[in-house]
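Colleague: Sequence first, then the predicted structure:
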Amino acid sequence: MVRVIVDITDADDPRLADYVQLREVNLRRLLEEEHGLFIAEGDKVIRRAADAGYAPRSFLLAPRWLETLADVVEKWPEAPVYLVSEELAERVTGFHVHRGALASYKRRPPADLDTLLTGVQHGRIAIFDDIVDHTNVGAGFRAAAAMGVDAVLVTPTCADPLYRRSVKVSMGTVFQVPWTRLTSWPGDLAKLKQHGFVTAAFALTDDSITLDALTARRDEKLALIFGTEGHGLKPHVLAESDLIVRIPMSGGVDSLNVASSAAVAFYATRP
């Protein structure tokens, strides 16, 4: 099959619909869920999505990227390549696409929770509960990948790991860390316990133990739970968790950013 390369000069060309107003979060959420797609930005992220086996719907490239990404494009000849100027890309997307390369990929069905939990190899998973900032979600996935966390679970109200900003901040590691979205929260904690996981919720409470105390336990399977940026985990989530854990602070700082907290916990609990 011969690859299709199309020069486009009109920002209203309907073939560019996947890329319209990428900064409009609510609009994009509806569009991406309805059409089962996500956007990868930058050559490294585009490559990582392709390497992970995601099938592209199309590519939106400045001409300078056509040769650089030729091997990726040629692997998927059925996906058209739309060549545009960087100025036109900015008009379509609503922001300056400084890397000049975007791709629209097809989403996959959510991973089955039981299958995912059964496949855990190193004994650690993370749960991101109601984290609404896409940057924090992406940074959390990047830390999970770097520290060998087996899987990430996101709760029903957590931001989309495949939203463009999450994917970009993660540097495409959202494609390599197995993950799924929970459908019953915190009810799904019971399923984790059935699979032998000790659930450890990170929060500042009077009955919390230190992170050092958690690591000293050497639990065979740990599910590390992190809450939303402002108020943290809700009381009913804490009540359903086996342990509440805090990271000791100094210097008058009461807590870390949620992505930083996750990175510290992932490192401390590594096998």
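Modeller: Perfect, thanks for sending it. Residues are numbered from 1 along each chain as shown.
Colleague: neighbouring contacts of the worst-scoring helix or strand of the chain on mean pLDDT?
Modeller: When each helix and strand of the chain is scored by mean pLDDT, DSSP states H and E, helix 25-35 comes last, with a mean of 82. With contact meaning C-beta atoms under 8 Å, 6 or more residues apart in numbering, helix 25-35 is reached by 18, 20-22, 37-39, 107, 134, 160, 162-164. C-betas here are computed from N, CA, C, even on glycine.
Colleague: Just those residues: which are in strands?
Modeller: Among the contacts of helix 25-35, DSSP state E puts 37, 38, 39 in strands.
Colleague: related to what we said a few turns ago, adding neighbour count and pLDDT, write the contacts of helix 25-35 out as CSV.
Modeller: Formatted as CSV, the contacts of helix 25-35 follow (neighbours: other C-beta atoms under 10 Å; pLDDT from 0 to 100):
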residue, neighbour count, pLDDT
18, 21, 94
20, 17, 91
21, 13, 87
22, 23, 84
37, 18, 94
38, 25, 95
39, 25, 94
107, 14, 95
134, 21, 94
160, 20, 94
162, 23, 95
163, 21, 93
164, 24, 91
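Colleague: for those residues, which one is nearest residue 240?
Modeller: Distance ranking of the contacts of helix 25-35 against residue 240, using C-beta to C-beta, places residue 160 first at 24.5 Å.
Colleague: Residue 247 against residue 264, yeah?
Modeller: Yes: if you go by C-beta atoms under 8 Å, residue 247 and residue 264 touch, sitting 5.8 Å apart.
Colleague: which neighbours do these two share?
Modeller: By C-beta under 8 Å, 6+ apart, residue 247 and residue 264 have these common neighbours: 211, 256.
Colleague: Test my guess that residue 46 contacts residue 101.
Modeller: Yes: between residue 46 and residue 101 there is a contact under C-beta under 8 Å: 6.1 Å.
Colleague: For the stretch 101-250 of the chain, which segments are assigned as helices?
Modeller: Ranges of helices in the stretch 101-250 of the chain, per DSSP state H, counting those that start in this stretch, are 113-118, 134-146, 164-169, 189-194, 211-217, 235-240.
Colleague: what comes into contact with the last one?
Modeller: Contacting residues not belonging to helix 235-240 are listed as 129, 185, 186, 189, 199, 201, 203, 205, 225, 227, 244 [C-beta under 8 Å, 6+ apart].
Colleague: Need the worst-confidence member of these.
Modeller: Across the set of these, residue 205 stands lowest in pLDDT, at 91.
Colleague: I'd like to know how many residues surround it.
Modeller: Per other C-beta atoms under 10 Å, the neighbour tally for residue 205 reads 14.
Colleague: Contact partners for it?
Modeller: 238, 244, 246.
Colleague: just to revisit the earlier point, what's the angle from the least confident helix or strand of the chain to helix 134-146?
Modeller: Put simply, helix 25-35 runs at 60 degrees to helix 134-146, going by axes from the mean of the first three to the mean of the last three C-alpha atoms, to 10 degrees.
Colleague: closest to residue 86 among the contacts of residue 205?
Modeller: Of all these, residue 86 sits closest to residue 246, with 47.0 Å by C-beta to C-beta.
Colleague: where's the nearest residue to the closest one once chain neighbours are set aside relative to residue 254, distance?
Modeller: Distance criterion C-beta to C-beta, 6 or more residues apart in numbering; nearest residue to residue 246, sequence neighbours excluded, is residue 208 at 4.3 Å. Going from residue 208 to residue 254 by C-beta to C-beta, to the nearest Å gives 13 Å.
Colleague: neighbour count winner among the two?
Modeller: residue 208 (19 against 6).
Colleague: just to revisit the earlier point, ok, and for the least confident helix or strand of the chain, which residues are buried?
Modeller: 25, 28, 31, 32 (16 or more other C-beta atoms under 10 Å).
Colleague: Kindly reformat the residues you listed as a markdown table containing distance to residue 150.
Modeller: Formatted as a markdown table, these follow (distance: C-beta to C-beta, whole Å):
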| residue | distance to residue 150 |
| --- | --- |
| 25 | 29 |
| 28 | 29 |
| 31 | 32 |
| 32 | 26 |
